[in-house]
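In: Build me a structure from this.
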Amino acid sequence: MIVGIGVDVVDIHRFERAMDRTPALRDRLFSETEQVLDGTPRPFRSLAGRFAAKEALIKALGDSTGVRWHDMRVVSNALGNPSFELSGGTAAIVAERGISVVHVSMSHDAGIAIAYVVAES
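Out: You can find the predicted model right below:
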């Protein structure tokens, strides 16, 4: 059964300007493993997609109370398919709401990053 659905869209150029203007934002929003891929900093389009995924998860949960940015890590499997690794307060909220599966899809094109999240029980 679907418990929640969330979607978020991020203007990549605006996101990049915000990150350049406030360098600490990168560490506040993303874990080290989210920021780097194979020893190279991820491009802004990839970070914008991850930010959109985290925002979409918050929308699927219905509330941001108790959710921390580092408690929802976006990871990819060997094929590059994204998923969440949840911990801390976010994992507790997901369990409390009876959510057993969180689906995420991300994309970026034409200066826009988008993510959808479906939470199932």
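In: which residues sit against the helix or strand hosting Ser105?
Out: Assessed by DSSP states H and E, Ser105 sits inside strand 101-109. Contacts to strand 101-109, defined as Cβ atoms under 8 Å, 6 or more residues apart in numbering, come from residues 12, 45-46, 48-50, 52-53, 56-57, 60, 74, 82-84, 86, 94, 113-120. Bear in mind the C-beta positions are built from the backbone N, C-alpha and C, glycine included.
In: One more: stretch 19-29?
Out: 18, 35, 44, 47, 51, 54, 69.
In: Which one of the residues you listed is nearest to Gly4?
Out: Closest approach to Gly4 among these (Cβ to Cβ): Lys54, at 14.2 Å.
In: Am I right that that closest one is in a strand?
Out: No. Counting by DSSP: H, G, I helix; E, B strand; the rest coil, Lys54 is located in no strand; its state is helix.
In: wait, it sits on Arg73?
Out: No. Lys54 is beyond contact range of Arg73, at 9.1 Å (criterion: Cβ atoms under 8 Å).
In: Specify which residue of the two has the higher count of neighbours.
Out: Lys54 (25 against 18; other Cβ atoms under 10 Å).
In: Name all residues that make contact with the closest residue to that one other than its chain neighbours.
Out: Excluding the flanking residues, the one nearest Lys54 by Cβ to Cβ, 6 or more residues apart in numbering is Met72, at 5.3 Å. Applying Cβ under 8 Å, 6+ apart, we find Met72 in contact with 54, 57, 84-86, 90.
In: Go through those and flag which are in strands.
Out: Counting by DSSP state E, the part of the contacts of Met72 found in strands is 84-86.
In: Tabulate those (JSON lines), appending neighbour count.
Out: Output for those, formatted as JSON lines (neighbours: other Cβ atoms under 10 Å):
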{"residue": "Phe84", "neighbour count": "20"}
{"residue": "Glu85", "neighbour count": "14"}
{"residue": "Leu86", "neighbour count": "19"}
